[in-house]
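Visitor: 3D model of this:
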Amino acid sequence: MSQHPQLLAALSQHLNIELQLENGVCALFNSQNQEVCVIELLPQSSSAVLHCAITPDIPAQEHYEKLLKLNFQPDKLQGCWLALDEADGLRLCTQCPVEFLTGHGFCEWVTGFIQQVVDTRQLLARPA
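Guide: A predicted model of the protein is given here:
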């Protein structure tokens, strides 16, 4: 039996908000309606995936080198990586095997990722 409902229930309680999966996906937004985390707990997958839009604009071609180099700086992205989505939007991503996640660990992982989104947005906003 999948532990996905238990993980999301633990996060709902931790954040004190009602969360539910729609087709295995749950998106979290801040008070400014800005995406802070998309959680994918797909039934057919053995991994949980977190991702979030980092910039509202499509990165300029000349920034791709900087973005790719960040993927090899674990001290800056804390185990996450940058990728382009199907609309060429820049997203911060991470994944973890579901078998390693407990309710408490899932909450810590998600809240840590949300903080990493904030940190990464600030990092990318700095001049090169």
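Visitor: Now do the helices in this protein.
Guide: Assigned by DSSP state H, the chain shows helices spanning 4-15, 64-70, 74-77, 103-125.
Visitor: of all these, which lies closest to A87?
Guide: helix 64-70 (15.7 Å; C-beta to C-beta). For every residue, glycine as well, the C-beta is placed using N, CA and C.
Visitor: mind listing what's buried in that closest one?
Guide: For helix 64-70, the neighbour count (16 or more other C-beta atoms under 10 Å) marks 67, 70 as buried.
Visitor: Give the other helices and strands that the helix or strand bottoming out on mean pLDDT in the chain contacts.
Guide: Among the helices and strands of the chain, helix 64-70 carries the lowest confidence by mean pLDDT, DSSP states H and E, at a mean of 85. Helices and strands touching helix 64-70, by 3 or more C-beta pairs under 8 Å, 6 or more residues apart in numbering; DSSP states H and E, are strand 81-84.
Visitor: which residues touch the strand it packs on?
Guide: Outside strand 81-84, the residues that touch it by C-beta atoms under 8 Å, 6 or more residues apart in numbering are 51, 54, 59, 67-68, 70-71, 90-94, 120.
Visitor: centroid residue for this structure?
Guide: Taking C-alpha atoms, centre = their mean, the centroid of the chain lies closest to H51, which sits 2.9 Å from it.
Visitor: is that one in a bridge, and if so with what?
Guide: V38, C93 (DSSP bridges).
Visitor: residues contacting it?
Guide: So H51 contacts 37-38, 40, 83, 91-94 (C-beta under 8 Å, 6+ apart).
Visitor: again with I39
Guide: I39 touches 8, 11, 21, 25-28, 48-50, 110, counting by C-beta under 8 Å, 6+ apart.
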